[in-house]
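**Student:** take a look and give me a structure for this.
(one chain, ligands or ions: 2)
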Amino acid sequence: MNELAWGTNIDLDDNQFYNRIEDIKFISDLLKSGQYGTSPSILLTGIRGVGKSALMKKIQNEFRNEKYLVVYIDLSSSNAYQMGEFSRKSVIELMYDEIMKECKEFGINTEDKKMEKYIRTHDITLKEITSIKGYPVPFLWTEENYKKLANFVMDLPQYLYDEYDMYINGVFIFFDEFQIIKELGDQLNDFLWYMRSFIQKQNNVSYIFSGSMGIKDRLIEEIAGSNGAFGGRMLTIEIKPFSFETTKEYLQERADYLKFSEDGFEQFYNCTKGIPFYINVFGNLLPKNTLLDSQSIKENFNKFLPVLAMHFTGSWFKLNLQEQKILTTLLDDSLKRSDIAKKLEVTSGGIGRSLNNLQDKGLIEMENNMYYMPNSVFRAWLKNEYRIKGVFPYKSI
Ligand SMILES: Nc1ncnc2c1ncn2[C@@H]1O[C@H](COP(=O)(O)OP(=O)(O)O)[C@@H](O)[C@H]1O
Ligand SMILES: [Mg+2]
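**Tutor:** Ligands and ions are numbered 1, 2, ... in the order given. Here you go, the predicted model:
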């Protein structure tokens with residue numbers, strides 16, 4: 001019997017990965033156009049759990065088989081990020097590590113004379129290069145040589161194509177969880193423009209930037225907007241949730257042990273909104289070979305909300321009290337800033353920071369000056385906590 005992938009797995013095998021045929025074709029065709037000397041940059045957007053990472057991994061695997069060097073860089077995997085010390089330097093270091101890893105996977109020997117010469121031309125003296133597991137690693141990241149090393153790493157993808165083009169059909173660099181780049185704060189814009197200065201002259205390297213961003217996310221404007229670092233050169237592609245029909249076919253094909261009544265399936269779709277993460281997690285938790293009607297879907301949904309909302313419960317407990325309170329004012333309606341402030345009994349100016357922070361984390365969005373919480377599972381979890389415990393799970397309580 002087929003099984004649904006776990007909600008946290010992004011390396012899906014062919015039995016697990018479903019559909020996305022058009023997205024794959026569209027993106028693959030674009031990426032391939034880089035062979036002819038016009039490398040595209042793509043911004044892949046879509047809400048958390050919709051399947052962006054799984055899609056990138058799928059594309060990576062397909063192109064690896066066709067002799068493309070595809071480097072997948074997940075910004076959230078950087079040590080510095082996990083330690084709360086995210087910086088430009090940590091992005092560059094991570095890029096370097098992932099490029100080297102992929103070269104190894106590909107069978108490119110980066111220890112040869114060519115590489116040595118390349119390192120020299122970047123004026124990074126070999127004294128500063130040590131070797132870890134056979135790879136030269138620039139380890140002296142002093143302020144002074146950071147710039148040189150960053151240039152070296154940014155130039156590296158095109159260099160690899162030029163030097164090893166007998167083996168490589170093209171080079172793709174995929175950045176995932178790119179929204180984390182916002183943590184650079186004041187340096188964000190500078191860094192984006194810095195990246196662009198390299199990317200735009202690389203004819204055989206294509207870049208995909210992806211992350212869980214709402215369509216209103218200011219980062220999208222800063223990257224792909226008309227005044228953004230990549231201006232009109234970047235194509236934005238939004239990955240959408242599965243449609244009602246796709247979800248139905250998916251479950252019939254891959255999870256036939258889920259026996260929905262008609263209104264049961266409607267309720268299931270209403271709870272999961274066609275987002276593969278919720279479909280899979282909820283689908284794996286539901287009782288098998290039992291008739292699932294609308295009522296039992298509702299009950300199970302409430303029961304499993306803490307698991308379904310796990311991305312958000314994590315974020316919730318990292319918020320400060322004011323941020324948490326703002327969210328609880330938005331559970332039923334969208335509100336203007338002044339109305340949120342009134343409910344919290346503070347001035348409108350007093351919640352500016354919190355609103356920005358919540359927006360940056362994608363927990364709220366704003367449209368026509370009205371703030372709202374875009375994620376229904378997060379809303380449902382908070383309401384359910386309140387229903388069961390009589391209070392919201394605030395920081396101080
Ligand atoms: N094409 C797909 N077919 C089946 N399941 C999928 C697919 N894409 C995503 N999923 C499921 O959804 C989960 C979340 O996907 P992920 O790629 O991590 O989302 P995102 O990166 O957009 O936040 C995966 O772990 C997997 O269980
Ligand atoms: Mg992802």
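**Student:** any chance you could map the helices in the stretch 101-250 of the chain?
**Tutor:** 113-121, 143-163, 188-199, 218-224, 244-254 (DSSP state H, counting those that start in this stretch).
**Student:** between those helices, which one is nearest to K25?
**Tutor:** Across the helices of the stretch 101-250 of the chain, K25 has its closest neighbour in helix 244-254 (16.0 Å, CB to CB). Bear in mind the C-beta positions are built from the backbone N, C-alpha and C, glycine included.
**Student:** what packs against the closest one?
**Tutor:** Contact partners of helix 244-254 among helices and strands, from 3 or more CB pairs under 8 Å, 6 or more residues apart in numbering; DSSP states H and E: helix 262-272, helix 276-285.
**Student:** what residues of the longest one count as buried?
**Tutor:** Of the residues in helix 262-272, 264-265, 267-272 count as buried by neighbour count, 16 or more other CB atoms under 10 Å.
**Student:** check the last one too.
**Tutor:** Burial within helix 276-285, assessed by neighbour count using 16+ other CB under 10 Å, is assigned to 276-284.
**Student:** tilt between it and helix 262-272?
**Tutor:** Going by axes from the mean of the first three to the mean of the last three CA atoms, to 10 degrees, helix 276-285 is angled at 130 degrees with respect to helix 262-272.
**Student:** packing partners of helix 276-285?
**Tutor:** helix 244-254, helix 262-272, helix 294-308.
**Student:** CSV for these, including mean pLDDT?
**Tutor:** Shown next, in CSV, are those (pLDDT from 0 to 100):
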stretch, mean pLDDT
helix 244-254, 98
helix 262-272, 98
helix 294-308, 97
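**Student:** could you redo these as CSV and give each row distance to ligand 1?
**Tutor:** Below are the helices and strands packed on helix 276-285 laid out as CSV (distance: least, CB to the nearest ligand atom, whole Å):
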stretch, distance to ligand 1
helix 244-254, 7
helix 262-272, 11
helix 294-308, 12
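**Student:** which of these sits most buried?
**Tutor:** Highest mean neighbour count among the helices and strands packed on helix 276-285 (mean count of other CB atoms under 10 Å): helix 262-272, with a mean of 19.
**Student:** elements contacting it?
**Tutor:** Helices and strands touching helix 262-272, by 3+ CB pairs under 8 Å, 6+ apart, are helix 244-254, helix 276-285, strand 291-292, helix 294-308.
**Student:** tell me how far it lies from the chain's centre.
**Tutor:** 27 Å (CA atoms, centre = their mean, to the nearest Å).
**Student:** got a list of contacts for that helix?
**Tutor:** Helix 262-272 has contacts (CB atoms under 8 Å, 6 or more residues apart in numbering) with 244, 247-248, 251, 260, 278-279, 282, 291-294, 296-298, 301, 377, 380.
**Student:** name the residue closest to the centre of the chain, please.
**Tutor:** Nearest to the mean C-alpha position of the chain, by CA atoms, centre = their mean, lies G211 at 2.7 Å.
**Student:** that residue touches E177, doesn't it?
**Tutor:** Yes - counting by CB atoms under 8 Å, E177 is a contact partner of G211 at 5.2 Å.
**Student:** ok, the residue in the stretch 251-397 of the chain that ligand 1 sits nearest to - contacts?
**Tutor:** Here the stretch 251-397 of the chain gets closest to ligand 1 at one residue, P276, 3.4 Å apart by CB to the nearest ligand atom. Applying CB under 8 Å, 6+ apart, we find P276 in contact with 18, 49-51, 54, 241-242.
**Student:** could you redo these as CSV and give each row pLDDT?
**Tutor:** Formatted as CSV, the contacts of P276 follow (pLDDT from 0 to 100):
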residue, pLDDT
Y18, 97
G49, 95
V50, 96
G51, 97
A54, 98
P241, 97
F242, 98
